[in-house]
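Engineer: from the sequence below, what's the structure:
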Amino acid sequence: MKLSELHLGMKVSHPQYGDGVVRSINEYAAEVQFADGRKPVDPEASALVPAEATAALSGGSLPLAELIRQTVEAAVDRLGIEKPDVAVHELGKRWRGGKLSLQPGETTTQSKEVEIEQFFHKLVMMRNQLRVLEQKINASEALTSAEKFDWQQYITRCYGSMTTFNLLFKDKESWF
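Structural biologist: As a prediction, the model looks like this:
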C-alpha cells in the first residue's frame, strides 16, 4: 500500500501487528495505533493493507455533483425516507395550494399560516414512522407478548388521535 493512499483514522491491517488505526502520517511513514501500542509503519515495505473496503474514484465520466446526487438518492431510498413531494400525491385535490391558519386565543399573539402541503407531508411522515415502529415492536424478540400488546395499544391510540386529519386524504385507503 502506498503512503499517499493512507488517511488519518483509516483502519488498516498489518501482517505482524494485526489491525490498527492510522494516527499520524509524515513523508516517510505512518504512526498506527495497534492493540499493543503505537508503532511507526512504512506501508509499502510492511505489506500494510486497508482493514475495510475502500473505493477509488478517478477518471470517471460522471460529474461529481451527479455522483453525489445519485448516492444521496440511493441512501434515501435504502433508508425508506420519503421525499417531500412523494406524500403530496395522497392529498385531496381540494386542499392543494391551501393554507392552514392557526388563530391563537390571545389577541396579543400573532396567528400562523402553514402551507397544507408542508403540514400534510409531516402528517404522512408521522404515520409512516408509526408504521415502522409498529413493525419493529411486532418483530422484536426482546419484548414479551404482553409488552408488545401494551405498546401496540399506544400506537393504536396515536392513530385514533390522528383520524381528525383523514379529511385531507384523497383516498380512504390512506386514512389513519
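Engineer: would Arg23 count as being in a helix?
Structural biologist: No. Under the criterion used here (DSSP: H, G, I helix; E, B strand; the rest coil), Arg23 is strand, not part of a helix.
Engineer: contacts for the longest helix seen in the chain, please.
Structural biologist: If you go by DSSP state H, the chain has its longest helix at helix 116-139. With contacts defined as CB atoms under 8 Å, 6 or more residues apart in numbering, helix 116-139 is touched by 80, 82, 84, 87-88, 90-91, 95-100, 143, 148, 151-152, 155, 158-159, 162, 165, 168, 176. C-beta: built from backbone N, CA, C; applies to glycine.
Engineer: mind listing what's buried in that helix?
Structural biologist: For helix 116-139, the neighbour count (16 or more other CB atoms under 10 Å) marks Ile116, Glu117, Phe119, Phe120, His121, Leu123, Val124, Arg127, Leu130, Glu134, Ile137 as buried.
Engineer: from those, which is closest to Ala29?
Structural biologist: The closest of these to Ala29 turns out to be Ile137 (CB to CB; 52.0 Å).
Engineer: distance of the closest one relative to Asp150?
Structural biologist: For Ile137, the distance to Asp150 equals 10 Å [CB to CB, to the nearest Å].
Engineer: also Ala55?
Structural biologist: Separation of Ala55 from Asp150 (CB to CB) stands at 46 Å.
Engineer: can you give me the helices for this structure?
Structural biologist: For the chain, the helices defined by DSSP H occupy 64-79, 84-88, 116-139, 145-161.
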